[in-house]
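1. Mind folding the following:
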Amino acid sequence: MSIRRTPLFTCVCLLASACAAEPEGRDSDTAVATLESGMSETETSAESSSGVESGGKLDLPEDHDLPSATTGECAAETIDPELSSIPVDILLVVDTSNSMGSAIMAVEASINVDFAQILADSGVDYRLIVLGAHSNSQVPICISSPLSNTDCNPPPPAPAINATYKHYDAETGSGAFLASILGWYATPDKHNLAPGGYQDFLRPEARKVFLGMTDGTSASGNTDDGTSFDAQLLGLMPSAFGTPGDRQYVFHLIVQMPANTPADQPWLFDDPIQGQGGSLQQVAITTGGWRFPLSETDSFNVLFQEIAEDVVATTPVACAFPIPVPDMGEIDPDTIEIDYYPGGQPPPIAFHQVVDLAACEPEAFYIANDTVQLCPEVCALVQADMAAQLDVRYGCDVGFDPAG
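-> Got it, this is the predicted structure:
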């Protein structure tokens, strides 16, 4: 489930309980109000006939799960839980050889406004990590504030990093571009900001997005070298970069190649290799990345905007969210159930609660430290569904035994 179409999570508190009946009858006995619709007709009816007000107290008397004497139906309230996406680490790898001056200036001019600001406004937990020479290079790169802690006038002796911005100071060119990405992973930087290599800047749980920038003139044209790089990168840390069947990184590339039509649009993974750096382009194709001509510096702002928007759109929602706290009352976590609507459409698939991760099975979740955690199979299912909708229901006895 990605952020391209923000999923609707609806937490529902059932104040009376025809839902305490056998599970087979639960669908017809439960009234659910969504965040989009506000109050359902059933809820309105229950309020007017039983005297229950919307927003009423949720720590109910022992007989609260009896059906309404007037309607025989469950009344419902909704609460919006706090959702977040998984983190994203964005690695900007820059060739700082002499031919890259115009491209580096274009990056420095637009990356704060046309890239970082879009990510910040989206709420995505991102970190930008620059891999390239900060100083003592033919054409060094210095990223200014607000991303970094400097105005780059002049550039400080060492990169001015912070929690969101990191910089691994080392020089590379097109011929050593892929080898540098592999080699720097565990090699200390010159300023001791990353004594274990740039892996010190990476978050294991974060999705990885590479943006490589080089003219590619000295890079290998052999696509097998790109395939080999992919295998070696995956081998560095499978938990961070993924596996051949489940890559957790994408590799976008700015390289010397013809412009697309229109010129501000990237070449996609199913477009043929053309121009320089066939090995580099093969990595982009393998990972579903985009390729963009180095000469189109006037369109870098559009490219950065599109990449930032793609990062937002394709970053999955995290498979854990806290049990929401109502304005009044309490929620019994043992009564929580989840309905998953594939593609946002009925009929729903019910997810049931198990005691912990070890007890996970298909169509299940567990609760730990006041956090709802989808089991691995459910997590994979929901994250792959861009239009998924989850309704979290609570308040009825569903037969869950926390002792197992």
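2. most centrally placed residue in this structure?
-> In the chain, the C-alpha nearest the mean C-alpha coordinate belongs to T315, at 2.9 Å (C-alpha atoms, centre = their mean).
3. Find the nearest non-adjacent residue to that one, please.
-> Closest residue in space to T315, ignoring its immediate chain neighbours: S85 at 4.6 Å, by C-beta to C-beta, 6 or more residues apart in numbering. For glycine as for every other residue, the C-beta is placed from the backbone atoms N, C-alpha and C.
4. so the one you found makes contact with P316?
-> Yes. Counting by C-beta atoms under 8 Å, S85 does reach P316; the two are 6.7 Å apart.
5. Between these two, point out the one with more neighbours.
-> Per other C-beta atoms under 10 Å, whichever of S85 and P316 has more neighbours is S85, with 22 against 18.
6. who does the more buried one bridge with?
-> In this entry, S85 is beta-bridged to V317, by DSSP bridges.
7. Provide a list of residues in contact with it.
-> 3, 123-125, 315-318 (C-beta atoms under 8 Å, 6 or more residues apart in numbering).
8. Confirm V283 sits in a helix?
-> Yes. With DSSP: H, G, I helix; E, B strand; the rest coil as the criterion, V283 is part of a helix.
9. Which residue ranges of this protein form helices?
-> 26-29, 41-50, 101-111, 117-122, 177-183, 223-236, 238-241, 278-287, 300-314, 376-383 (DSSP state H).
10. chain center to the third one, what's the gap?
-> Think helix 101-111. Remark: helix 101-111 is offset 26 Å from the chain centroid, using C-alpha atoms, centre = their mean, to the nearest Å.
11. Drop anything exposed from the contacts of S85.
-> 3, 124-125, 315-318 (16 or more other C-beta atoms under 10 Å).
12. Where does confidence bottom out across those residues?
-> Looking at the buried ones among the contacts of S85, model confidence by pLDDT dips furthest at I3: 35.
13. Wait, G288 touches F269, no?
-> Yes. With contact defined as C-beta under 8 Å, G288 reaches F269; the gap is 4.8 Å.
14. tell me the most buried of the helices of the chain?
-> Per residue and on average, the most neighbours among the helices of the chain fall to helix 278-287, with a mean of 24 (mean count of other C-beta atoms under 10 Å).
15. That one - contacts with which helices or strands?
-> On a contact count with 3 or more C-beta pairs under 8 Å, 6 or more residues apart in numbering; DSSP states H and E, helix 278-287 meets helix 177-183, helix 223-236, strand 249-255.
16. and the first one, what does it pack onto?
-> When you say that, I think you mean helix 177-183. With 3+ C-beta pairs under 8 Å, 6+ apart as the test, helix 177-183 has strand 88-94, strand 207-213, helix 223-236, helix 278-287 packed against it.
17. which other residues reach the second one?
-> It refers to strand 207-213. 86-95, 100, 103-104, 107, 177, 181, 202, 240-241, 248-255, 280, 283, 289, 294, 307, 311, 315-316.
18. Can you give me the domain boundaries for the protein?
-> With domains defined by automatic domain parsing, the chain comprises 9-84+322-394, 88-314.
19. Deepest-packed of those domains, please.
-> Stretch with highest mean neighbour count among the domains of the chain: domain 88-314 (a mean of 19; mean count of other C-beta under 10 Å).
20. Centre of the chain to stretch 193-203, how far?
-> 21 Å.
21. Between its first and last residues, how far does it reach?
-> Using C-alpha to C-alpha, to the nearest Å, the end-to-end distance of stretch 193-203 comes to 15 Å.
22. The chain should start at 8 in everything you say after this.
-> Okay, using 8 as the starting number, the last item reads as stretch 200-210.
23. one step back: so for Y192, which of the helices and strands packed on helix 184-190 sits nearest?
-> Closest of the helices and strands packed on helix 184-190 to Y192 is helix 230-243, at 5.5 Å (criterion: C-beta to C-beta).
24. Who are the packing partners of that closest one?
-> Using 3+ C-beta pairs under 8 Å, 6+ apart: helix 230-243 touches helix 184-190, helix 285-294.
25. In contact with V101, which residues?
-> 107, 111, 114, 137-140, 148, 220-221.
26. how about those in JSON lines, adding distance to L243 and pLDDT?
-> Output for the contacts of V101, formatted as JSON lines (distance: C-beta to C-beta, whole Å; pLDDT from 0 to 100):
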{"residue": "M107", "distance to L243": "26", "pLDDT": "95"}
{"residue": "I111", "distance to L243": "27", "pLDDT": "94"}
{"residue": "V114", "distance to L243": "26", "pLDDT": "93"}
{"residue": "V137", "distance to L243": "19", "pLDDT": "98"}
{"residue": "L138", "distance to L243": "14", "pLDDT": "98"}
{"residue": "G139", "distance to L243": "19", "pLDDT": "97"}
{"residue": "A140", "distance to L243": "22", "pLDDT": "96"}
{"residue": "I148", "distance to L243": "24", "pLDDT": "96"}
{"residue": "M220", "distance to L243": "21", "pLDDT": "96"}
{"residue": "T221", "distance to L243": "21", "pLDDT": "97"}
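27. between those residues, which is closest to A365?
-> Of the contacts of V101, the one sitting nearest to A365 (C-beta to C-beta) turns out to be L138, at 39.5 Å.
28. Enumerate every residue touching the closest one.
-> Here L138 is in contact with 98-101, 175, 177, 179, 187-188, 191, 205 (C-beta under 8 Å, 6+ apart).
29. Can I get those residues in JSON lines including distance to Q352?
-> Compiled in JSON lines, the contacts of L138 are given as follows (distance: C-beta to C-beta, whole Å):
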{"residue": "L98", "distance to Q352": "37"}
{"residue": "L99", "distance to Q352": "39"}
{"residue": "V100", "distance to Q352": "41"}
{"residue": "V101", "distance to Q352": "45"}
{"residue": "Y175", "distance to Q352": "46"}
{"residue": "A177", "distance to Q352": "50"}
{"residue": "T179", "distance to Q352": "49"}
{"residue": "S187", "distance to Q352": "47"}
{"residue": "I188", "distance to Q352": "42"}
{"residue": "W191", "distance to Q352": "47"}
{"residue": "Y205", "distance to Q352": "43"}
